[in-house]
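>>> predicted coordinates and the sequence they were generated for:
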Amino acid sequence: MGLEQEERSDMHHRSCLLPMAFKDVNARRHIGLQQLSSLAGAGRTLLGPIKSCKFIVDESTNQSTLICSAVRLIESLDLSSAAGQILNETIQAQNKEFKTGMSTLLFLVGAWSDAVLECLQQNVPVSAIVSVMSEGLNSCCEKVRCLQMSVHDVNKELCSSRVRPHAFKSKTCQIGCDSLLNPQIFLDFQKEISAPEEIFPINSCSHQDEDCNFDKHLVSPLVGFGSIAPRVKPAGDKSMSLIAGSGVITSSCNKKKLTHSRYFSTLGKSHFSSQQRDFQGYLSGQSAEPCECYGLGHLAMALSYGNQTSMKLLQSIVAYQQERAERRGSSQFNIAEVVTCCLLGLPESYSCVSPGFVTLVSPEQATVIKYFEDKPLRILLMDGDLTEQYRHLGFSRPCNVRTILEHPGLQEDRAGDLWLRNMLGILKSFEVNLVLVKGNVCENLLEGCIANSILVIGSVARDVLCAFREVTGAQPVTYLTQLKASCLGSGAQVELWKASDGRAMDLGELVPVRVKVQGISLLTAVLTSTVASKMQLIEDQFWTFVYRLHHALNDGKVFLGGGAVELLCLSHIQMLGDEPLQPPNKNAVRDFHNPWLAASVSEYKSVVLQALARGWKQYLSVLMCNTAKAASELEACTSIEHHLQKAADCGSPSAYILKEFRRGDLFSSGSSPFTDHTEVLKVYDNVTAKTEAWRRALDLVLLVLQTDAEIITGPKRNQLLNSHGSSEFMFL
Amino acid sequence: MARLEAKKPPLFIGEPLTKDTVSQSLSLLSGIFKSCYGPAGRLKQLHNGGGGCVCTTSQSSALFSCLSVSHPVLRVLTASVQNHISRFSDCGLFTAILCCNLIEHFKSLNVASCTVIKISNHILSLCMDYLKSEACACRVAVDFSSIETLLCLVRSILKSKPACMLNKPEVDHLTALILKAFMFTVPCHVETNAVLGKCVIVPVKGRRVVDSTVLPGLLIEAPEIQLAKPITVKRTCSDMIKTALFCMSMSGDLCNSEGGVITVPQGICLEMSELNQLLNIGKQLVDAEVGLVVCQKVIHPSLKQYLQENQVMAVDRAGLSLMEPLSRMTGSNPIASIHSLSPSCYGSLKDVRIENFASKHFVHLIPNDPVVCSLILCNRNETAWDELKRACETAEHVLQLTIKEPLALLGGGCTETHLASYIRHKTCNLSTSSFKDMDCSRTQYQLVADGFCRSLESVACSLSHDGGETLTDMVYGHCWFVPSGFPSVSNWSDLVSKCGCGINGSAENLNWRLLQGQFGSPIILGCPIDPPVKVADFLALDCFAAKCSGLQVAVETANLILDLSCVIVDQN
């Protein structure tokens, strides 16, 4: 579909060095804007929490890709037009900076391009469009500040709302948060701290409603409280919170969104509860301060609505990192300490978070591990390739050096063998067990290392090396010849990574292993899927959620989600448009980009503001259609108008929106079966990522709008000169 | 078998300006420049047509660097404008548009080109004398003891580049930053020969403009620094960091191996011997108590390791462009070979820090006397960042020119219309002897002067891009803009609010007239006078030196092109 769109946009003729003709013929139907609009149209269904995936089929190779995000869509399209290029650049920039908001950006580019084209149809001067729209967006960004909430307040609110249905307020609240912990993590902690080997890894995801019949009995609303309590009793008073926790489980089973039931059922696991006393010390640290402890878990959930697996992983990460942060006083949430490992062949429910570094190695390498057993390993970090030919960046190889053999026969080996022997010799003499290499590893050396029980892992990211450097004291080297004893680290452990139920890893050619060191800050999110084409999608989504939380904490505040912000923008624009026109020769002049534009601007203000509003109106209506809150765009628009009217009648639109948001989902249709519940799922959005997406979208549209000609340079110019289409172009 | 090919005869083009292709190309070129001009100018997408990166711009420096024109006459024009841009950075489009206008107007006159040239040179000297005189009413003195005028100057430059995509708060933020950066480069202790320092632009693309900032000293990007063990840098007894600056490669490769084959017996490793030499330098540096080694190129990992073990920080890949400011800032002489290491080479720094900015890692070198500073420049996307960088460089250059000659000209078209009014006024009262000197009649002079004035006024008109009217007043000779869609008979004072430069309001009736389309009765003008207030808050100002040069370059280039009688093309 995307490709078709692209073809269509290619059919628009391109012009170069044609400024005057451009003005006459195309000013009213600006080609660049049309291209933007058609490219952005392909991303409509990617908007909002419920996205429809797309297959992009390349007709020339018959290959296809499954995509579910604006970045991947744009990557898959052939964007040869200048407008397409800039669109790609803009989306990539947003992705690089935020990892979220790209679909919003893409959508608004399309919506605003259409709206601006309509303004041009009505003969609105370009400069008026530019200044009113950019001033309008500024004004809206200022206005929506009143819908920001500090992360702290949101945490508090989320934690307390979680326990509202129950009487044991303070304790349940705390456990509501605790229960978000992934048991896998608990177990890992435990191994780290007390290392009881009999622990059986539990897969938290097996509590999904479909495949946890056994647990269901234990954690059923009535039985749960009574049946689990005795088990935990020996843990003493502090375990009261755990009982309360199961109370929460029972209550949240009836909750509106199934999303949540998964978390709240995790702690009610029977195998698990028997181990819980081991965490006691660890838990007791937080029991004094309710609601603050794992509040980020709730925030993560409110930001990453829609995907349960990723949300669960994120909450595990948050729990682990917060616990660490409290012990060490480091930052609460650090994305540099998270890596992913994709395992194809396991059901998605096996996704989990493992402390340390999980990666895939060949079965031969995996055999080395059994020799390690549990002894602490000497670890070496290398920041280049581990091959004979590798030289550090910036080294130029001499090409005119000839080596002469003076005593032939003495050296029988080829030079390569010599290097191999030397390197193995170095590794053996320093008793290195484990080598993490940033780049590639020479195959022969790899084999030699296996024979000597040295595990060498290549293509390790820099962040991973950093984490191991920090915790093991190893100092990365570029060449093995540089190696000194002081460069080595110690205390690393390697084991085969096991699925939480101990299921054998029959993944084909590669075996997952886990490298860990006591106290390492690194976490690996192991992402699993049985469908190859979904892997990328899952990984992208995971990172999006990680970054959303990261940005929320960076911003220190979040927006009310679910369309509240956009609705306020709409009502604010309505107000701006209704304002009496300021007399042109008063100080209004100063606010506009160009002083002499003021008069022209005031004349076209309402038309252009309507165009700006159209972007958000379409955004909301498509969002409602995509999430099935409205059957048609017409229905959605009616609902939006209804809210706008009520907001206007209310006097203070922001107060109205705030009230509606607190009452429930703003745009939920009355047909929802859950509306009778007092508790509703609140969603929040990132502040900077959202406003930046708006700004970038508008900037792009205005940039293209203000462009009146393409100037083509270089060899292509001569091709065009001779081509049949040369009449479209003018040459200098 | 050798074969001789007969030389082709040179192509002879007589009266090139009368050729259709030339005038078409000239009007096309002039159309491109005009459409780009000013804060509301239209943008151009420059690209190679094959999916290469797209440069969206309206700046002359970017436009001219990619315009390849084929006709020699046009090349004369682009070459002189490019030369002007390389010397002044600013007013490139003004120069180009004025030059095109002059050629167009003069070509249509029925006056011999040598006469036209004489007269236009005379008018140019009138203009230059006026601009340089105290009586000039379209210039303002720039007072370096207050920042108001300087801010106006920088703001005008930023505002006139729409492709930077800045909104008002962003313009204000950057204006302040650019000025701050410039102030850093002015040395505190001025001796007889004061030399301005340098502001280095550090790219951080993808961030918001308001995240931009200025830091004293230099930032060198060091992506690998997070992998290195943090060290406390060795300091001298006076708490300074002794610094060694290398412009040679320290990567340990054989540097002088052009041509010729080096033969080595087996068992001798050239790499090792090179490395040993490097390590020897390292030892000398450690012995000399150097705390920081900066290398333009790459440092061998083993040398880095050795230095770090001895509490010496090693920063490599600083790049050629940083060498001059580095040397200036630290007071060290760049070391070009391993044999030229001497104690006099070393310089010193106040502090070295590791800074993280937008997921990039930098080593921040802080000098004692910050004549060198770093402007961390952010903008949301690549094409807007590039445009912003050019604008910042222009602003920096303009400030440098202004400190030499602390004057500025009114922007927004006001200088052009004012100058035109002045010439009209001045040429009315010219003595007969002047005409004799120029070998022309009064009528001829009036014709050329009128063409000159219209050319100037037409530059001012090019600021308006949405079809409105451009006016000038009879009192100050300033430029006024009226939006399109109003009948031209309306009372102008209801429609105009402020003049182009922003110095005059429309409180009184200033007797406006339309700039375009008034053929016929010449208007007798009084000498345009100084506006009542000299400095308002939001004045549009232009660089004095750049605009004066632009005026001269435009007139002289137009004269040169008019004077071309034939073009001889060597076809071989």
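Arrived safely. Residues are numbered from 1 along each chain as shown, chains lettered A, B, ... in the order given.

>>> ok, which stretches of the stretch 401-550 of chain A are helices?
A:415-429, A:443-451, A:462-472, A:532-555 (DSSP state H, counting those that start in this stretch).

>>> cool, the stretch 51-200 of chain A as well?
So, for the stretch 51-200 of chain A - with DSSP H, counting those that start in this stretch - the helices run A:70-76, A:82-98, A:102-121, A:126-143, A:151-163, A:169-178, A:183-193.

>>> can I get those in JSON lines with distance to B:Ser212, mean pLDDT and mean neighbour count?
For glycine as for every other residue, the C-beta is placed from the backbone atoms N, C-alpha and C. As requested, these are exported to JSON lines (distance: least, CB to CB, whole Å; pLDDT from 0 to 100; neighbours: other CB atoms under 10 Å in any protein chain shown):
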{"stretch": "helix A:70-76", "distance to B:Ser212": "26", "mean pLDDT": "88", "mean neighbour count": "22"}
{"stretch": "helix A:82-98", "distance to B:Ser212": "15", "mean pLDDT": "91", "mean neighbour count": "24"}
{"stretch": "helix A:102-121", "distance to B:Ser212": "22", "mean pLDDT": "94", "mean neighbour count": "24"}
{"stretch": "helix A:126-143", "distance to B:Ser212": "18", "mean pLDDT": "91", "mean neighbour count": "22"}
{"stretch": "helix A:151-163", "distance to B:Ser212": "26", "mean pLDDT": "72", "mean neighbour count": "20"}
{"stretch": "helix A:169-178", "distance to B:Ser212": "40", "mean pLDDT": "34", "mean neighbour count": "24"}
{"stretch": "helix A:183-193", "distance to B:Ser212": "41", "mean pLDDT": "38", "mean neighbour count": "20"}
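
>>> any chance of these in CSV, plus distance to A:Leu702?
Formatted as CSV, these follow (distance: least, CB to CB, whole Å):
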stretch, distance to A:Leu702
helix A:70-76, 20
helix A:82-98, 12
helix A:102-121, 8
helix A:126-143, 5
helix A:151-163, 32
helix A:169-178, 45
helix A:183-193, 47
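
>>> follow-up on the earlier one: between the helices of the stretch 401-550 of chain A, which one is nearest to chain B?
Evaluated over the helices of the stretch 401-550 of chain A, closeness to chain B peaks at helix A:462-472, with 5.6 Å, by CB to the nearest CB.

>>> tell me which residues in the closest one are buried?
Residues of helix A:462-472 classed as buried by neighbour count (16 or more other CB atoms under 10 Å in any protein chain shown): A:463-472.

>>> packing partners for the lengthiest helix in chain A?
The longest helix of chain A (DSSP state H) is helix A:598-626. Helix A:598-626 makes packing contacts with helix A:102-121, helix A:126-143, helix A:564-578, helix A:588-591, helix A:633-650 when contacts are defined by 3 or more CB pairs under 8 Å, 6 or more residues apart in numbering or on different chains; DSSP states H and E.

>>> B:Ser455 belongs to a helix, doesn't it?
Yes: checked against DSSP: H, G, I helix; E, B strand; the rest coil, B:Ser455 lies within a helix.

>>> in a helix, B:Ala546, correct?
Yes: the assignment for B:Ala546 by three-state DSSP puts it in a helix.

>>> tell me how many other residues surround it.
Counted by other CB atoms under 10 Å in any protein chain shown, the residues lying close to B:Ala546 total 25.

>>> ok, the one 4 residues further on next?
Here the number of neighbours of B:Gly550 (other CB under 10 Å) works out to 27.

>>> same question for the one 3 residues further on.
Counted with other CB under 10 Å, residues neighbouring B:Val553 total 24.

>>> same question, the one 10 residues further on
B:Asp563 has 12 neighbours, counted by other CB under 10 Å.

>>> surely it meets B:Ala112?
No: using CB atoms under 8 Å as the test, B:Asp563 is too far from B:Ala112 to be in contact (10.9 Å).

>>> does the helix or strand containing B:Ile157 reach chain A?
Using DSSP states H and E, B:Ile157 sits within helix B:148-159. Yes: using CB under 8 Å from any CB of the partner chain, helix B:148-159 reaches chain A at B:Lys159.
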